[in-house]
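S.K.: A predicted structure for the sequence below; I have some questions about it.
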Amino acid sequence: MFHNPFSPNSRFQHIRPSTSACLRHIGLLLASLIVLCTSMSAFAQDPPADLIEGAKKGDVDALKSILNKGGNINAKTANGRTALMEASYWGRADAAKMLIEKGADANVQDQDDRTALMDAAANGHVAVVQALLEKGADPKLKNKEGSTALIEAASNNRAEIIKALLAKNASIDEKDKEGRTALILAAYWGHADAAQALLEKGANINAKDKYGYSALMYAKHENHASVVDVLSKAGAK
């Protein structure tokens, strides 16, 4: 007669796992799978050092080689930086163009919400700015300080870039978290060329920040005579 070791009356009944034990095992298995998947995902998102270095140096051939081997073009570093961001920051126009053509996200933001366009605008890399704008980079995006690519350009006296951004519908009177417009910041830092470029495109000359200060007030306070002259001739009060 066949003896079922798992029958209710069997002396082997004690070896049957309890329901709670089964659930514990299943839980442990699921937890292990989650950890494994998370680790694999993090690894997949972490770009190889040579991809980032290639972007910084503008080494187009090296970048193509890495990407042809399956490198993730939009992978981020621990602080959210991509290869396109690094190429843009360092002004590597050829590398930036190649990355964009290969599908790099022109609007990705790092841990501070900075974009490739902001970096290129701040550092005066005209060719990179133009390439990014042509491929759909959004000049209206803001970083955690509320700064836009236009504000970055104005703060660093990048008149040519200011014109390029405004031609792509950048918001000329957009304010950062302190209520400062691009013109106010150009005046604060003493950048007459940037101020002139903004005024020619219709910037609000009498806009005030959250402290009640205008571009002219800052220019006078910081003794930026050339900016005071530009603003006064344009009718600032």
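M.R.: Okay, I see it.

S.K.: so where's this protein uncertain?
M.R.: 1-47 (pLDDT under 70).

S.K.: go again with 80.
M.R.: Counting by pLDDT under 80, the low-confidence segments of the chain come to 1-48.

S.K.: what domains does the record give for it?
M.R.: Recorded structural domains for the chain (assignment: automatic domain parsing) are 46-136, 147-237.

S.K.: and stretch 220-231, C-alpha only, in PDB?
M.R.: Listed in PDB are the C-alpha atoms of stretch 220-231, where the atom choice follows Å, rounded to 0.1, in the frame of the first residue of the first chain:
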ATOM      1  CA  LYS A 220      24.400 102.600  -9.300                       C
ATOM      2  CA  HIS A 221      25.000 100.800  -6.000                       C
ATOM      3  CA  GLU A 222      27.800  98.600  -7.600                       C
ATOM      4  CA  ASN A 223      29.300 101.600  -9.400                       C
ATOM      5  CA  HIS A 224      29.000 100.100 -12.800                       C
ATOM      6  CA  ALA A 225      29.100 103.400 -14.800                       C
ATOM      7  CA  SER A 226      28.800 101.800 -18.200                       C
ATOM      8  CA  VAL A 227      25.700 100.000 -17.300                       C
ATOM      9  CA  VAL A 228      24.200 103.100 -15.600                       C
ATOM     10  CA  ASP A 229      24.800 104.900 -18.900                       C
ATOM     11  CA  VAL A 230      23.100 102.200 -21.000                       C
ATOM     12  CA  LEU A 231      20.100 102.000 -18.700                       C
END
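
S.K.: sorry, back to before: any chance of the domains of the chain in JSON lines with mean neighbour count as columns?
M.R.: Every C-beta, even on glycine, is put in place using the N, C-alpha and C of the backbone. Supplementary listing: these in JSON lines, determined by neighbours: other Cβ atoms under 10 Å:
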{"stretch": "domain 46-136", "mean neighbour count": "20"}
{"stretch": "domain 147-237", "mean neighbour count": "21"}
